[in-house]
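Student: structure for the following, please:
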Amino acid sequence: MKNVPGSGTLEILSLANELEQNGKDIIHLEVGQPDFNTPQHIKEAAEKALERGETGYTPSNGIPELREALAQYLSEREINRKPDEIIVTPGAKHSLFSAMTVALDPDDEIIIPSPCWTYEGMVRILNANPVFVKAEEENQFELNPEKVKEKISSNTKMLLLNYPNNPTGSLLDEETMHAIADLAADHDFWILTDEVYERIVYTETPPSIASYSNCEERTIYINGFSKTYAMTGWRLGYTAGPADFISEMIKIQQNSTTCAAAFVQSAGLAALKESQDCVREMVSEYEKRRNIIVDRLNSIEGIHCVKPEGAFYVFPNIEELGKESMAFCKYLLSNAGVATTPGSAFGPGAEGNIRISYAESVKRIEKALDRMEQAVSSL
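Tutor: Numbering: from 1, shown residues only. Down below sits the predicted model:
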């Protein structure tokens with residue numbers, strides 16, 4: 001485990017919690033957790049499931065009703081998967097780790113666009129090797145397929161995509177997706193697409209690469225309920241892919257977590273099948289917050305912020321302020337009471353930026369920005 005990196009987010013969170021315990025008011029903009037409560041109808045579905053006695057094991061791949069509903073949802077995204085090509089998991093993180101375990105042997109390589117969420121730890125645990133390809137800020141953090149091509153080697157087994165992206169909020173356009181799909185076909189590697197933010201988009205929702213016909217048998221699609229339905233603590237995710245790949249993931253689940261909790265799966269079923277107004281309302285509120293935070297950040301001297309197209313993060317550049325990202329985050333925390341995450345936590349090439357979550361109320365965001373502006377002016 002000596003090569004497994006720690007979490008920069010959790011380091012800041014720990015420091016923030018310590019300050020709070022000593023009486024300091026901290027505005028938490030470091031953690032990717034919706035500030036909304038889980039919608040009432042989803043909670044009620046879980047309560048009814050508990051009353052029905054849904055407290056035992058389920059099939060390791062998930063209850064049939066949920067997998068059928070997921071197959072229907074995916075078909076609306078033009079992703080053609082049968083219920084037996086879907087596995088329900090206790091969270092998208094478990095989906096990611098299980099999928100990597102199936103695909104990667106020691107010393108295999110997985111290409112990961114950077115800035116990126118903390119996938120590296122999972123890869124290192126498997127004794128595989130992450131190969132990072134930088135998405136340039138001056139190009140709105142868009143992925144360049146030619147740079148991906150340069151990273152392909154005889155050891156490349158998988159390419160990981162995460163769009164809308166955490167931490168940048170960037171999307172993949174269709175031209176780029178087609179180019180990536182062709183690379184995967186030409187060089188015979190898996191595509192692992194993490195789409196947990198796919199419903200949190202402020203432009204027209206792009207297609208999933210999993211819907212491309214030449215990717216159908218080489219794409220592993222991962223999603224979950226945490227971000228879309230404000231269900232982070234429920235731990236419910238799923239994976240869709242070729243039947244033989246999913247069968248291998250089922251073996252891993254049978255020998256590790258067994259299954260997702262029965263009543264949680266029933267809650268997920270209600271989330272999918274009932275009104276989606278709650279999702280639209282949350283996304284509308286996120287968009288309002290995004291516009292406020294981007295405008296305010298760009299008005300602060302020394303800070304430059306690309307406007308994200310999805311997710312609920314901004315990734316402003318703070319290089320002109322003359323501090324490394326971790327030092328700046330600690331400065332904001334101690335001097336402004338605002339918790340943010342250093343860019344250094346998000347892979348090579350992300351130093352010089354910080355991640356700010358706007359999964360917080362407008363009132364708290366505006367208060368945080370007032371504090372940040374004052375703290376920056378004092379540097």
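
Student: list the contacts for Ile209?
Tutor: Applying Cβ atoms under 8 Å, 6 or more residues apart in numbering to Ile209 gives the contacts Leu161, Leu172, Met177, Ile180, Ala181, Ile191, Thr193, Cys215, Thr219. Yep, even glycine has a C-beta here, placed from its N, CA and C like the rest.

Student: swap in Cys305?
Tutor: Counting by Cβ under 8 Å, 6+ apart, Cys305 makes contact with Ile293, Val294, Leu297, Asn298, Val314, Phe315, Pro316, Asn317.

Student: how about the secondary structure of Val294?
Tutor: helix (DSSP: H, G, I helix; E, B strand; the rest coil).

Student: can you show me the helices along the stretch 151-300 of the chain?
Tutor: 174-187, 243-254, 262-273, 277-298 (DSSP state H, counting those that start in this stretch).

Student: please identify the most buried of those helices.
Tutor: Highest mean neighbour count among the helices of the stretch 151-300 of the chain (mean count of other Cβ atoms under 10 Å): helix 262-273, with a mean of 22.

Student: what helices or strands is the worst-scoring helix or strand of the chain on mean pLDDT leaning on?
Tutor: When the helices and strands of the chain are compared on mean pLDDT, DSSP states H and E, helix 8-21 comes out lowest with a mean of 87. The elements that helix 8-21 packs onto, with contact taken as 3 or more Cβ pairs under 8 Å, 6 or more residues apart in numbering; DSSP states H and E, are helix 325-336, strand 338-339, strand 341-342.

Student: just the angle for the longest one relative to helix 8-21, thanks.
Tutor: Think helix 325-336. Orientation of helix 325-336 against helix 8-21 (axes from the mean of the first three to the mean of the last three Cα atoms, to 10 degrees) gives an angle of 20 degrees.

Student: so which bits of helix 325-336 are buried?
Tutor: Buried residues in helix 325-336, counted by 16 or more other Cβ atoms under 10 Å: Ser325, Met326, Phe328, Cys329, Lys330, Tyr331, Leu332, Leu333, Ala336.

Student: which residues touch the third one?
Tutor: When the contact criterion is Cβ under 8 Å, 6+ apart, the partners of Phe328 are Ile318, Leu321, Pro342, Ile354.

Student: out of those residues, grab the one that's most surrounded.
Tutor: Tallying neighbours with other Cβ atoms under 10 Å puts Ile354 at the head of these, with 28 neighbours.

Student: shouldn't Leu74 be within a strand?
Tutor: No - counting by three-state DSSP, one finds Leu74 to be helix, located in no strand.

Student: test my guess that it contacts Ala240.
Tutor: Yes - counting by Cβ atoms under 8 Å, Leu74 does reach Ala240; the two are 5.9 Å apart.

Student: overlap in contacts of those two?
Tutor: Shared contacts of Leu74 and Ala240 (Cβ under 8 Å, 6+ apart): Arg81, Ile86, Ala210, Tyr221.

Student: so His304 touches Phe315, yeah?
Tutor: No - under the criterion of Cβ under 8 Å, His304 is not in contact with Phe315, lying 10.4 Å apart.

Student: quick one: the strands in the stretch 101-250 of the chain?
Tutor: Along the stretch 101-250 of the chain, the segments classed as strands by DSSP state E, counting those that start in this stretch run 109-114, 129-134, 156-162, 190-194, 219-224, 237-240.

Student: so which of those strands comes closest to Pro5?
Tutor: Proximity to Pro5 (Cβ to Cβ) singles out strand 129-134 among these, at 10.2 Å.

Student: buried ones in that closest one?
Tutor: Using 16+ other Cβ under 10 Å as the test for burial, strand 129-134 gives Asn129, Pro130, Val131, Phe132, Val133, Lys134.

Student: also stretch 96-106?
Tutor: By neighbour count with 16+ other Cβ under 10 Å, stretch 96-106 contains the buried residues Leu96, Phe97, Ser98, Ala99, Met100, Thr101, Val102, Ala103, Leu104.

Student: angle of the host helix or strand of the third one against strand 190-194?
Tutor: Ser98 is located in helix 92-103, with elements delineated by DSSP states H and E. Helix 92-103 and strand 190-194 are oriented at 180 degrees to each other (the same axes, to 10 degrees).

Student: give me the distance from helix 92-103 to the chain's centre.
Tutor: Once both centres are worked out by Cα atoms, centre = their mean, to the nearest Å, helix 92-103 turns out to sit 14 Å from its chain's centre.

Student: how about stretch 161-172?
Tutor: The answer for stretch 161-172 is 8 Å, by Cα atoms, centre = their mean.

Student: over to that stretch now: how far is its first residue from its last?
Tutor: The first residue of stretch 161-172 is 9 Å away from its last residue (Cα to Cα, to the nearest Å).

Student: which residues are in contact with the closest residue to Lys134 other than its chain neighbours?
Tutor: Distances taken as Cβ to Cβ, 6 or more residues apart in numbering place Gly349 nearest to Lys134, at 4.0 Å, with adjacent residues excluded. Under the criterion of Cβ under 8 Å, 6+ apart, the contact list for Gly349 reads Ser114, Pro115, Phe132, Lys134.

Student: how close does Gly349 sit to Thr340?
Tutor: For Gly349, the distance to Thr340 (Cβ to Cβ, to the nearest Å) stands at 18 Å.

Student: helix, strand, or coil at Thr55?
Tutor: What three-state DSSP gives for Thr55 is coil.

Student: confirm for me that it is in contact with Ser266.
Tutor: No - contact between Thr55 and Ser266 fails when scored by Cβ under 8 Å: they sit 11.0 Å apart.

Student: still on that earlier bit, of the contacts of Phe328, which pair is most distant in space?
Tutor: Leu321 and Pro342 (12.8 Å).
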